[in-house]
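Enquirer: This is the structure alone, sequence omitted:
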């Protein structure tokens, strides 16, 4: 690489007469984040939703209750924001848990736009 090609490089100037050194600056993009959404339905109990939020999404009881009410009143709410793999795993795990408990609770994920 020639001195003129410095994309992603920083220059160190040695004013003592030594050699100038180029160091590569790693550019790592943050992974895309995904919101896990809980959707309202007429059958899943409020208690089950609060239990999912506290146990599977690690929400404190007060926050879980507020999120459950938001799902009930607005139709959906964000349970958490994660990398794709973790979000997908949470959707699968909680959906399976809901089905085993006899509830049709719907979860989805959507990409989070960065500002």
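Expert: Looks like it came in fine. Computed from a predicted structure; not experimentally measured.
Enquirer: So for the residue nearest to residue 45 when sequence neighbours are not counted, what's the pLDDT?
Expert: Closest residue to residue 45 apart from its sequence neighbours, by CB to CB, 6 or more residues apart in numbering: residue 103 at 7.3 Å. Backbone N, C-alpha and C define where each C-beta goes, glycine included. Looking at residue 103, its pLDDT reads 98.
Enquirer: Does the closest residue to residue 68 other than its chain neighbours lie in a helix or a strand, and which?
Expert: Nearest non-adjacent residue to residue 68, counting by CB to CB, 6+ apart: residue 49, 4.5 Å away. For residue 49, the host element (DSSP states H and E) is helix 46-55.
Enquirer: Distance check, residue 48 against residue 36.
Expert: From residue 48 across to residue 36, the span is 16 Å (CB to CB, to the nearest Å).
Enquirer: More neighbours: those two, which one.
Expert: Ranked by neighbour count (other CB atoms under 10 Å), residue 48 and residue 36 place residue 36 first, with 23 against 17.
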